[in-house]
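K.L.:
What follows is a predicted protein model with its sequence.
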Amino acid sequence: MQQNYWNNDKWRFTGVIGAADLRLSLLTPDQDSGAAAVDWRIDGNFLFAKIGRKLKGEWYGGIKARMIDAHQSIGIVGSEPDLDTGNDILSAGLGINLEYDSRDMPINSYSGRHLNLDTLFNDEALGSDATYQSYIATFRSYHRLNDSLVLA
């Protein structure tokens, strides 16, 4: 992950790239041995990038891109073959972002407010398995009560 604030916070960049390989072992009752293991496996890659520019005052606007390529399967110990859930997921999208940020610091804020309005448009034309939209609004407010205590 990388996060940058350039040119006296006129430009902002956030980027994340990574891979996941999760093996979640679940237990279910089994009449013979007391418990049988179920392995839920999720593996894949992801990429996220967002760049924004100060518009006016505390307002920022920008664009973002996200890609997730994942596969999940369920394996039951002692059974053959593994259950393939058919859940290969490819999600690719582009979006816009509008942000109001009056925080004193982006990380470990002591005072200020942060409003974030996000849209993401995933489309088969971009490589997604499905076409859909996502809309997210978040708001945080930070209030310093004393030198070491913040109400958020």
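P.N.:
That came through fine.
K.L.:
next structured bit after the longest strand along the chain?
P.N.:
Of all the elements of type strand in the chain, the one with the most residues (DSSP state E) is strand 36-56. Downstream of strand 36-56, the next assigned helix or strand under DSSP states H and E is strand 59-76.
K.L.:
Sheet-wise, list the partners of that next one with their directions.
P.N.:
strand 36-56 (antiparallel), strand 83-101 (antiparallel) (DSSP bridges).
K.L.:
Between these, which one is closest to Leu27.
P.N.:
Proximity to Leu27, assessed across those by Cβ to Cβ, is greatest for strand 36-56 (6.5 Å). For glycine as for every other residue, the C-beta is placed from the backbone atoms N, C-alpha and C.
K.L.:
Tell me the buried residues in the closest one?
P.N.:
Ala36, Val38, Arg41, Gly44, Lys50, Ile51, Gly52, Lys54 (16 or more other Cβ atoms under 10 Å).
K.L.:
same thing with stretch 60-69?
P.N.:
Neighbour-count burial for stretch 60-69 [16+ other Cβ under 10 Å]: Tyr60, Gly62, Lys64, Ala65, Arg66, Met67, Ile68, Asp69.
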